[in-house]
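**Q** next one to model:
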Amino acid sequence: MGSHHSIHLHHHVSKQADTKHKKYVETYLPALIILALIVVLFGSYNFLNTKEINTTIGTNTPEFSLPPVEGELSGLNSGDFKGQVSLISVFASWCEQCQENHTFLLELSQQQRLPVYGLNYKDSPKDVRLWLDQHGNPFKKIGADINGDIAANWGVYGLPEIFVINPNGQVIYRHMGSINAERFNRDILPLITKNGRQDEHIYPPEYK
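**A** Got it, this is the predicted structure:
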């Protein structure tokens, strides 16, 4: 009797363990699968973004013409970049990282000859006007890309994005995310010097 009871108890404990294991699998396996998919998709997204950036460099800027944002006299078109090295910032008032960019772009536009242009992405006319009035306007011209069609033609994935255009209207630099003086001096300054637009004092000495 004792031996039979022991076998039955062992079978019962084993059954409980199997049930518990099954519950763990049912509970956590879907979450692990989703996590794995996220990791794979994120890696693929980064790969595609890098590939897109690489294929953009050296290409001509798409032909476009955008109306001005509210309160500005002129909009932005692809002809504005011809004959000079230009920096174009794709931004929006609702983009937090764009605000991080803004102080740097103000310094750049106020103290240097490098023209800074803005491509305002999917923004409310009133919101962008209020934002510029509050934070200052570093842009020589701003185009209102209300539907995001022009940014899509440029291959924009997220905000902010920076493009540097050479005098022939070709993209020579592209950066996703905010930009600062260190990155400017490291990545953009040599390109500007190489293209013959500026000398070594493109940016104030205090930022070097």
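
**Q** rest of the way, CA atoms for contacts and neighbours
**A** Noted.

**Q** any regions of the protein where pLDDT drops low?
**A** The chain contains residues with pLDDT under 70 at 1-56, 112-113, 195-208.

**Q** and the strands in it, which stretches?
**A** Residue ranges of the strands in the chain, as given by DSSP state E, are 65-66, 76-77, 86-91, 116-121, 142-145, 161-165, 171-176.

**Q** TSV for those, including mean neighbour count and distance to Leu106?
**A** Below are the strands of the chain laid out as TSV (neighbours: other Cα atoms under 10 Å; distance: least, Cα to Cα, whole Å):
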stretch	mean neighbour count	distance to Leu106
strand 65-66	17	22
strand 76-77	20	19
strand 86-91	23	12
strand 116-121	25	9
strand 142-145	25	14
strand 161-165	23	14
strand 171-176	18	18
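
**Q** mind putting those strands into a markdown table with distance to Gln110?
**A** Below are the strands of the chain laid out as a markdown table (distance: least, Cα to Cα, whole Å):
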| stretch | distance to Gln110 |
| --- | --- |
| strand 65-66 | 24 |
| strand 76-77 | 20 |
| strand 86-91 | 14 |
| strand 116-121 | 10 |
| strand 142-145 | 16 |
| strand 161-165 | 18 |
| strand 171-176 | 22 |
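
**Q** of those strands, which is nearest Gly58?
**A** Closest approach to Gly58 among those (Cα to Cα): strand 171-176, 5.3 Å.

**Q** what does that closest one contact?
**A** Contacts to strand 171-176, defined as Cα atoms under 8 Å, 6 or more residues apart in numbering, come from residues 53, 56-61, 158-166, 188, 191.

**Q** mark which of the residues you listed are buried, thanks.
**A** Applying 16 or more other Cα atoms under 10 Å to the contacts of strand 171-176, the neighbour count classes 53, 56-57, 60-61, 159-166, 188, 191 as buried.

**Q** report the two of those residues separated the most.
**A** In terms of Cα to Cα, those reach their longest pairwise distance at Leu159 and Leu191, which sit 22.7 Å apart.

**Q** buried ones in stretch 104-116?
**A** Using 16+ other Cα under 10 Å, the residues of stretch 104-116 that count as buried are 104-106, 108-109, 114-116.

**Q** who's in contact with the spatially closest residue to Glu100 that is not a sequence neighbour?
**A** The spatially closest residue to Glu100, leaving aside those adjacent along the chain, is Ser178, at 6.5 Å (Cα to Cα, 6 or more residues apart in numbering). Residues in contact with Ser178 (Cα under 8 Å, 6+ apart) are 97-98, 100-101, 160-161.

**Q** please identify which of the residues you listed is nearest to Ser124.
**A** Distance ranking of the contacts of Ser178 against Ser124, using Cα to Cα, places Cys98 first at 15.4 Å.

**Q** brilliant, that's me finished.
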